[in-house]
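[1] give me coordinates for this.
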Amino acid sequence: MKSSRWSMKRRTAIVAVTALLLGGAGGVAFAAVQAGPAGVASVPNGETALRTVPDYPKNDAGLTYGSATLANDPRDEPDLILAVASNGKIGYVKKTEEQEATGGNVESPQEAVEWQARMEALLAEGGGVYIPVYAVDGKTVIGQFLIVSGQ
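    I've put the predicted structure just below:
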């Protein structure tokens, strides 16, 4: 349960907005890597397929940053994912915080049930989950991003 339908909808919304704002890849290079064993698609003859992985730039702390639209697989997304904060500022959400807020880090049915119960409680209160939006340094908070399930 590493990814949910709702998570993909939310990620698609972020991707659509950031793609419009940035107008494409912005000079990010790509590298071909051998697909990992978990969930690897294989070609008809049984050989492992190669996948293209973006070669994102890194900040001074060594964190990769850029648009998730460039990743063909959630494993290949940057550490800092391009997003627009609720105040209109363009920055980055941490992949780990985004996954926690969207249930992308859920690893068992029990964890999924617990995550869903937390989200339903937040929605019943009329809210959602806010995660920080950072400057490219990954430390300076410049805004927040609201994640609401089912929207």
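
[2] in this protein, where is pLDDT below threshold?
    Across the chain, the ranges flagged by pLDDT under 70 are 1-51, 149-151.

[3] mind listing the strands in it by residue range?
    Counting by DSSP state E, one finds strands in the chain at the ranges 29-34, 50-55, 65-66, 80-84, 90-94, 129-134, 141-147.

[4] quick one: which of these is nearest Gln116?
    Relative to Gln116, the nearest member of the strands of the chain by CB to CB is strand 129-134, separated by 12.7 Å. C-beta here means a position set from N, CA and C on the backbone, and glycine is covered the same way.

[5] list the buried residues for the closest one?
    Val129, Ile131, Pro132, Val133, Tyr134 (16 or more other CB atoms under 10 Å).

[6] contacts for that strand?
    Here strand 129-134 makes contact (CB atoms under 8 Å, 6 or more residues apart in numbering) with 80, 83-85, 89, 91-94, 97-98, 101, 119, 122, 140-148.

[7] filter those residues down to the buried ones.
    Using 16+ other CB under 10 Å, the buried ones in the contacts of strand 129-134 are 80, 83-85, 91-94, 97-98, 101, 119, 143-145, 147.

[8] looking at those, which is nearest Asn59?
    Here the nearest of those to Asn59, counting by CB to CB, is Leu80; it sits at 7.4 Å.
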